[in-house]
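Enquirer: sequence and predicted structure are below.
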Amino acid sequence: DVEPGTKENPIRYNIAELVPEHWNFVGAFCDKSFILTTNSVEEVSVESEETTTCTFYNEKNGILKIINQNDSFAKAGNETAEYAIFPTPIYETITTTGNQGIGVDHELKPGTYAIYQKTPLDWQLTSVECNGVPTGIVDGTITTSLDPGQTKTCVFKNKIKEGNLIINKHTIGGNDKFYFDINRIGQGGGTRQSESITTVNGLKDLPLTLAPGTYNISEIVTDGWVLTDFTCSNTTYDKAQNGVINVIIVDTKTTICDFYNTKKGGLKIFKETIGGNETFNYKIENYSQGQNVGLPKTQTATITTTAN
């Protein structure tokens, strides 16, 4: 009860709500004249023998949580992504342990929010679900609504980007084991791996899965063999002494590189002299049209006789 006034001279009151934690004042209405402010009604008139009713409206905060799900943990290990929630803004970094990483609870007012994921290099964002409902993605950003008192969990699913490389090994003159260095250069460079191929009936292929990027692929030529040619398809590349460089590996595409080797043959020169001994020099030139990159075009030999 409050002290009333008269119709001609009503008493006016200010009523302020002390908003509890986790709640928001969203409005109020009185059936008599009043002025609405941030969390109160002011100059509410109360008259004799009448009841003035004021209704206050509140909404409870909601909880927004982000989960970073890693669909390539078995192949690529843990992954770290950065997130931003707008318009607040709130920034968060989530690293997976195993196949997922769980962010903290963000208590927010009900409303519409945008969540942006900065996807790490070599990874791609494949889908987002908020409370199990698929959500559209535009440039790594989703938009979702948060209702009063609601807990909403948005799961960002990521996987490693993958390109395919097939090295085909061709041999003439037998079979052997051959070794390759595959070195990533440029952005994301510094990774290097070694592979080997053992031919069967003069042929063997080696399928590999690589992160998209630029690679140098070189053969460590096995003793007794000559690397005669090499070429790649479904990509751009340049040739170097023992392999290909600047090979572009693209996500979801297959690049094929063929390396050709020929087993070395032997050339033996016998020298016979009549009337004495001497030292003789020979120049051996290769006039074939093949690209025998493992041997010099011209070689020399020296023979000194010791008996007639």
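Expert: That came through, no problem.
Enquirer: spatially central residue for the protein, please.
Expert: Nearest to the mean C-alpha position of the chain, by CA atoms, centre = their mean, lies W123 at 1.6 Å.
Enquirer: surely that residue touches N158?
Expert: Yes - using CB atoms under 8 Å, W123 is in contact with N158, at 5.0 Å. All C-beta atoms are positioned from the backbone trio N, CA, C, and that covers glycine.
Enquirer: give me the common contacts of these two.
Expert: Common neighbours of W123 and N158, using CB atoms under 8 Å, 6 or more residues apart in numbering, are 72, 79, 81.
Enquirer: name the nearest residue to S145, sequence neighbours excluded.
Expert: Nearest residue to S145, sequence neighbours excluded (CB to CB, 6 or more residues apart in numbering): T112, at 5.0 Å.
Enquirer: now do the phi/psi pair for the residue lying farthest from the centre of the chain.
Expert: Ranked by distance from the centre of the chain (CA atoms, centre = their mean), the top residue is G275, with 77.7 Å. When quoted as degrees, to the nearest 10, the phi and psi of G275 stand at phi 100, psi 10.
Enquirer: name the SS class of K75, please.
Expert: Following DSSP: H, G, I helix; E, B strand; the rest coil, K75 is assigned to helix.
Enquirer: so how far is A211 from it?
Expert: 10 Å (CB to CB, to the nearest Å).
Enquirer: how about E43?
Expert: Per CB to CB, E43 is found 68 Å from A211.
Enquirer: residues contacting I248?
Expert: 213-214, 235-237, 255.
Enquirer: gap between it and K204?
Expert: 24 Å.
Enquirer: try G98
Expert: 36 Å.
Enquirer: neighbour count winner among those two?
Expert: K204 (17 against 10; other CB atoms under 10 Å).
Enquirer: tell me which element the more buried one is part of?
Expert: strand 203-210 (DSSP states H and E).
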